[in-house]
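> Sequence below, structure please.
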Amino acid sequence: MSALKLPNGPQTHPWVQTYQWLTNPVKYMEDCAKSYGDMFTLRIGPVFTPQVFISNPQAIQQIFTTDPKQLDSGTAAGSGTPLLGPNSLFSLEGKSHQRQRKLLTPPLHGERMQAYGDLISEIAKQVTSEWPVGETFTVLPSMQEISFQVILKAVFGLQDGLRYEKLKEILIAILNPKRPLLRAIFLLFPLLRKDLGPRSPWGSYLRLRQQMDDLIYAEIQERRSLGDQSRSDILSLMMAARDEAGEPMTDLELRDELMTLLIAGHETTASSLAWALYWIHHQPEVREKLVQELDSLGDNKDPNAIFRLPYLNAVCSETMRLYPVAMLGVNRLVKSPLEIAGYKFDPGTILVPCIYLSHHREDLYPNSKQFQPDRFLERQFTPSEYLPFGGGNRRCIGMAFALFEMKLVLATVLSDWQMKLADTQPVLPVRKSILLAPGGGVPMVVTGKRQQNQRVLETNLV
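Numbering: from 1, shown residues only. Down below sits the predicted model:
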């Protein structure tokens, strides 16, 4: 007979658990896993409902394959944020969620996605061309700039100009709060969201959000009035998409999905790129192997050929394994009694697939704290063992696009520049709102321009 009780967890006061989770999430999760194993229960504010953190692959697999009617993963489970809106994929549930996924999938996959390859490479070249040679600078802001431009130009289809600059300025203010811990607290505790005027933290946030909404709706209205069928940016494709009943997305739905692509696709990709550059230059043998693989393509670096490179893929996979930007998968709220791994969960319990702890299981990833891309060449991991983009019906819809962008940016940087880390201090993860980012932004030094193919130069010298 299965146990009815919840998995063990810390017995400290829920406010103490909340404080530890907010201030040092990685250490707190690791300490809990050491003490209680691969399923443990936390009670984190604001509602202090039991939240079961799960890094057991069989249990995660069961969550991903359970009928969504038994597990709510929308707003009721704590998904979505006030920035994304009620029509975001993160907030929706059931048929409306399925409808939006169907409408959004084509523009982010296959040939349509690959059409953005040259644009991504051009943006990466332009941003990195401004790097100072011989001076220390942090890599993360450049990766954020690249990611911003890719989203505003490929997703929104905006050209350089007043609306582009204004939207970028507002987004930077929203996505890079001066006090990230305070923002995380506001997102966790809805009761604290009080508009006490334009200078109050939440009031200032609401006004920025309104300015951004005005710009997005103006862009949508302009597109509708022009009716240009030749545009291939993702917003235009979303506006042209029709569901099974022949209905398009409403302006409100378009706004919320654009915000989802922005929030889910900007900071995550930028942080992953900064981590990748750190690890590649932290281990010179990794950089050497990667540069050789890129050089093997010759001068004509076709985006699709870059996307298929096995060692580059392994480096990206290992980067997202070691410090996944999203520590947790999307919450699932139990709606009817559910038995998983010997526990019978009552309705109201929240199940949390723990990406970070899953990626640090020593039985799956020996020496899990070490950066070893070869592990992804030696074996294939199942979707419940390796899950940087979540899984099940909640797997990130932009996964293919994010990987495409990540590989093309890394290929551009490594082909163009000789770089090194500015110091030997290890870079450690820090909480950035609900994400994990590299602390200090990865300080680096450009030592010189790399000739496009140094092997050719060396051959000519002989």
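> Nearest to the middle of this structure, which residue? Look it up for me.
Nearest to the mean C-alpha position of the chain, by CA atoms, centre = their mean, lies T268 at 3.2 Å.
> burial count for F376?
19 (other CB atoms under 10 Å). The way it works is simple: take the backbone N, C-alpha and C, and place the C-beta from them, glycine included.
> wait, T260
25.
> Next, it: phi, psi?
Main-chain torsions, T260, degrees, to the nearest 10: phi -60, psi -50.
> Next one: it from T268, what distance?
12 Å (CB to CB, to the nearest Å).
> How about D251?
26 Å.
> swap in W417?
On the measure of CB to CB, W417 and T268 end up 23 Å apart.
> what do you get for S225?
33 Å.
> repeat for L22
Counting by CB to CB, the gap from L22 to T268 is 20 Å.
> Likewise for L235?
20 Å.
> just R207 next, same as before
Taken as CB to CB, the span from R207 to T268 is 26 Å.
> For Y36, which non-adjacent residue is closest in space?
N8 (4.7 Å; CB to CB, 6 or more residues apart in numbering).
> Then Q62?
I340 (5.1 Å).
> likewise E318?
P373 (4.4 Å).
> Please apply the same query to Y116.
A154 (4.5 Å).
> you'd agree the one you found is up against S121?
No - using CB atoms under 8 Å, A154 is not in contact with S121, being 11.8 Å away.
> between the two, who's got more neighbours?
A154 (25 against 19).
> did I read that right, that one in a helix?
Yes - assignment of A154 by DSSP: H, G, I helix; E, B strand; the rest coil places it within a helix.
> residue boundaries of the helices in the stretch 1-150 of the chain?
14-23, 25-36, 57-65, 94-104, 110-114, 117-128, 139-150 (DSSP state H, counting those that start in this stretch).
> Give me the helices and strands touching the longest strand along the chain, please.
In the chain, assigned by DSSP state E, the strand with the most residues is strand 443-449. In terms of contacts (3 or more CB pairs under 8 Å, 6 or more residues apart in numbering; DSSP states H and E), strand 443-449 is packed against strand 136-138, strand 417-421.
> residues making contact with it?
131-139, 277, 281, 416-423 (CB atoms under 8 Å, 6 or more residues apart in numbering).
> Convert the C-alpha atoms of that strand to CSV, please.
Output of strand 443-449 as CSV, limited to C-alpha atoms (Å, rounded to 0.1, in the frame of the first residue of the first chain):
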residue,chain,number,x,y,z
PRO,A,443,34.5,39.7,-17.1
MET,A,444,36.7,39.0,-20.2
VAL,A,445,39.4,40.6,-22.3
VAL,A,446,39.6,40.6,-26.1
THR,A,447,43.2,39.9,-27.0
GLY,A,448,42.8,40.4,-30.7
LYS,A,449,40.8,39.8,-33.9
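> Now do that strand and strand 417-421, the angle between them.
Strand 443-449 runs at 150 degrees relative to strand 417-421, counting by axes from the mean of the first three to the mean of the last three CA atoms, to 10 degrees.
> what's the average pLDDT for strand 443-449?
For strand 443-449, the mean pLDDT works out to 94.
> for the helices of the stretch 1-150 of the chain, which one ends up most surrounded?
Comparing these by mean neighbour count (mean count of other CB atoms under 10 Å), helix 139-150 ranks first with a mean of 23.
> now P303: how far from E405?
Distance from P303 to E405, by CB to CB: 10 Å.
> Compare these two and say which is more crowded by neighbours.
Taking other CB under 10 Å, P303 and E405 do not tie; E405 has more neighbours (28 against 20).
> Thought Q149 was touching that one, still the case?
No - using CB under 8 Å, E405 and Q149 do not qualify as a contacting pair, with a distance of 10.7 Å.
> sorry, back to before: the residue nearest to Y36 contacts T41, doesn't it?
Yes - applying CB under 8 Å as the test, N8 and T41 come out as touching, 6.9 Å apart.
> quick one: which of those two has more around it?
T41 (20 against 13).
> Please identify the nearest residue in space to the more buried one, excluding sequence neighbours.
G9 (3.6 Å).
> Repeat that for L175.
E267 (5.8 Å).
> Pretty sure the one you found sits in a helix.
Yes - under three-state DSSP, E267 sits within a helix.
> all numbers from here: first residue = 472
Understood, numbering begins at 472; the last thing we discussed is E738.
> residues near it, how many?
Using other CB under 10 Å as the criterion, the residues surrounding E738 number 23.
> Next: K476.
Count around K476 with other CB under 10 Å applied: 8.
> How about it, nearest residue that isn't a chain neighbour?
Y814 (7.5 Å).
> Just confirm that neighbour contacts T512, I think it does.
No - Y814 is beyond contact range of T512, at 9.6 Å (criterion: CB under 8 Å).
> what touches both of those two?
L477, P478, V523.
> Put together a markdown table for the helices of the stretch 472-621 of the chain, with distance to Q682 and mean pLDDT on each row.
Shown next, in a markdown table, are the helices of the stretch 472-621 of the chain (distance: least, CB to CB, whole Å; pLDDT from 0 to 100):
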| stretch | distance to Q682 | mean pLDDT |
| --- | --- | --- |
| helix 485-494 | 28 | 91 |
| helix 496-507 | 31 | 96 |
| helix 528-536 | 38 | 93 |
| helix 565-575 | 25 | 68 |
| helix 581-585 | 30 | 70 |
| helix 588-599 | 24 | 93 |
| helix 610-621 | 17 | 91 |
